[in-house]
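Trainee: the following block contains a protein sequence and its predicted model.
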Amino acid sequence: MLVDTAAPPGTRWCIKWNHSVAKFTVLDCYQNVAGTMQLERSHQPDFAAGLGHTIGRGEQVSDGKGGYWINAINEPVANNRYALRVGSTDVDHRVVWQYDEHYNEVSLSAHASGQRVILQIIQAAPPSVN
């Protein structure tokens, strides 16, 4: 297991990665909505190969720096399981989140480059009483 952290309803996190052609950073951001993982929004600094906004899927707004956010995507992730083929260290797929005012970042590429990983929300096991 690469990352195991509490993510109660309302928790947000992003997959941060470097575009393999344009070399800029992209963010795909998720939220736990009542136990369901949803793609909430995405940040893209440019309209590069494979990126862009699809009409009817969220709302595109300027980030004020030449890029844009696609907000209000709000698409549930099937079965709360997002499969990702982790890119090389140049792509540097990372999971980023904030918890109690602390910024956290784990590089998936440093640990699982070229491998398939699953990001998922699971129900916490109830405390056991013996």
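Mentor: Nice, I can see it.
Trainee: roughly how far is stretch 2-15 from the heart of the chain?
Mentor: Taking C-alpha atoms, centre = their mean, to the nearest Å, the mean C-alpha location of stretch 2-15 is offset from the chain mean by 10 Å.
Trainee: show residues contacting that stretch.
Mentor: For stretch 2-15, contacts defined as C-beta atoms under 8 Å, 6 or more residues apart in numbering pick out 27-35, 40, 84, 93-99, 104, 106, 108, 111-112, 117, 119, 121, 124. Bear in mind the C-beta positions are built from the backbone N, C-alpha and C, glycine included.
Trainee: make a ChimeraX selection of whichever of the residues you listed turn out to be buried.
Mentor: Typed into ChimeraX, the line below selects the buried ones among the contacts of stretch 2-15, using 16 or more other C-beta atoms under 10 Å:
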select :27,28,29,30,31,32,40,84,93,94,95,96,97,108,112,117,119,121
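Trainee: measure stretch 64-74 end to end?
Mentor: From its first residue to its last, stretch 64-74 covers 23 Å (C-alpha to C-alpha, to the nearest Å).
Trainee: flag every buried residue along that stretch.
Mentor: By 16+ other C-beta under 10 Å, the buried positions in stretch 64-74 come out as Tyr68, Trp69, Ile70, Ile73.
Trainee: for that stretch, give the mean pLDDT please.
Mentor: In this model, stretch 64-74 has an average pLDDT of 90.
Trainee: in strands only, show me the contacts of stretch 2-15.
Mentor: 27-33, 40, 84, 94-99, 104, 106, 117, 119 (DSSP state E).
Trainee: downstream of the lowest-mean-pLDDT helix or strand in the chain, the next helix or strand is which one?
Mentor: When the helices and strands of the chain are scored by mean pLDDT, DSSP states H and E, strand 59-62 comes last with a mean of 88. Counting by DSSP states H and E, the element after strand 59-62 in chain order, helix or strand, is strand 68-71.
Trainee: what is that following strand packed up against?
Mentor: Packed against strand 68-71 by the contact rule (3 or more C-beta pairs under 8 Å, 6 or more residues apart in numbering; DSSP states H and E) you find strand 36-44, strand 59-62.
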